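*Asks:* Below is the structure, and that's it, no one-letter string:
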């Protein structure tokens, strides 16, 4: 049986942001996750935290440590004059400002884009908000944005924070977009990244009915499912015809057409086939016959 993959390691990659200076005021998950990606792309990253520090440092020190490795940390109270002085001294040497405050909070702190553009015309500002436009001041979180897109099933919580991490990807992409705009125009710009938009983007396959029960990757295709086996489960992704053909041959099924793979008979036959094999034998079979599958421990929620 395979074991869970280790934590992602930072691997050598292109450094398109060498020489780019990023300042982040963003707390919790999406902003720091975006900052981590920008650091991986070569940016010189600084984060300014309030005196109480980032809440993530308290409720998940491991996540906080991973996301802030190699990040310069400053502490300042932006509600006080000396904190504002620290901020603006840093902004004067900054290419990109990343925030996750609501727009109303940015206005109170005089950190809205209109104010900063007058002071720093080449500054690129990326603001992470919950929902776009007029909804940006509404309260919300990853779970509510996922629920809005019908991505919360039953009463179980999603296995990861899709909207937050998708928003982090969108924010790092927005930084690259902003730098291209400045290269073209010579001026900075403001790009808003909404976590609800990130959830909507991730929900597209469901809206296209790819992952609904009638879709090939939603359970209708017998070669793309999770089956029980003798000592665990197996996730099978034999979707393409050449993979389906190999799987069917091993299971003693002559027909591997798309229509056959969607038939109840093939679902039953493959369930019987996998149910008679162990995780170890399945892994060996996959290696020998070049099949996309991954074995898993038994589902603790099932009897």
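*Replies:* Yep, that arrived. The structure presented is a predicted model; accordingly, all values stated were derived computationally and were not measured.

*Asks:* make it CA atoms for all contacts and neighbour counts henceforth
*Replies:* Will do.

*Asks:* Could you check how many residues crowd around the closest residue to residue 139 other than its chain neighbours?
*Replies:* Nearest residue to residue 139 in three dimensions, chain neighbours excluded: residue 130, at 7.3 Å (Cα to Cα, 6 or more residues apart in numbering). The tally of other residues near residue 130 (other Cα atoms under 10 Å) stands at 27.

*Asks:* which residues sit in contact with residue 130?
*Replies:* Taking Cα atoms under 8 Å, 6 or more residues apart in numbering, we find residue 130 in contact with 136-141, 194-196.

*Asks:* what separates stretch 173-183 from the chain centre, distance-wise?
*Replies:* Relative to the centre of its chain, stretch 173-183 is centred 20 Å away, using Cα atoms, centre = their mean, to the nearest Å.

*Asks:* coming back round to it: how close does the residue nearest to residue 139 sit to residue 119?
*Replies:* 27 Å (Cα to Cα, to the nearest Å).

*Asks:* Residue 173: what secondary structure?
*Replies:* helix (DSSP: H, G, I helix; E, B strand; the rest coil).

*Asks:* Renumber starting at 29 from here on
*Replies:* Will do, 29 is the new start, and the previous item becomes residue 201.

*Asks:* Just give the number of residues close to it.
*Replies:* 15.

*Asks:* Next: residue 44.
*Replies:* 13.

*Asks:* Am I right that it falls within a strand?
*Replies:* No - read with three-state DSSP, residue 44 is coil and lies in no strand.

*Asks:* That one is in contact with residue 70, isn't it?
*Replies:* Yes - with contacts counted by Cα atoms under 8 Å, residue 44 reaches residue 70, the gap being 6.4 Å.

*Asks:* In the stretch 179-328 of the chain, mark out all the strands, start to finish.
*Replies:* 218-222, 252-257, 260-265, 321-324 (DSSP state E, counting those that start in this stretch).

*Asks:* looking at the ones you listed, which is closest to residue 101?
*Replies:* Of all those, strand 218-222 sits nearest to residue 101, with 23.4 Å by Cα to Cα.
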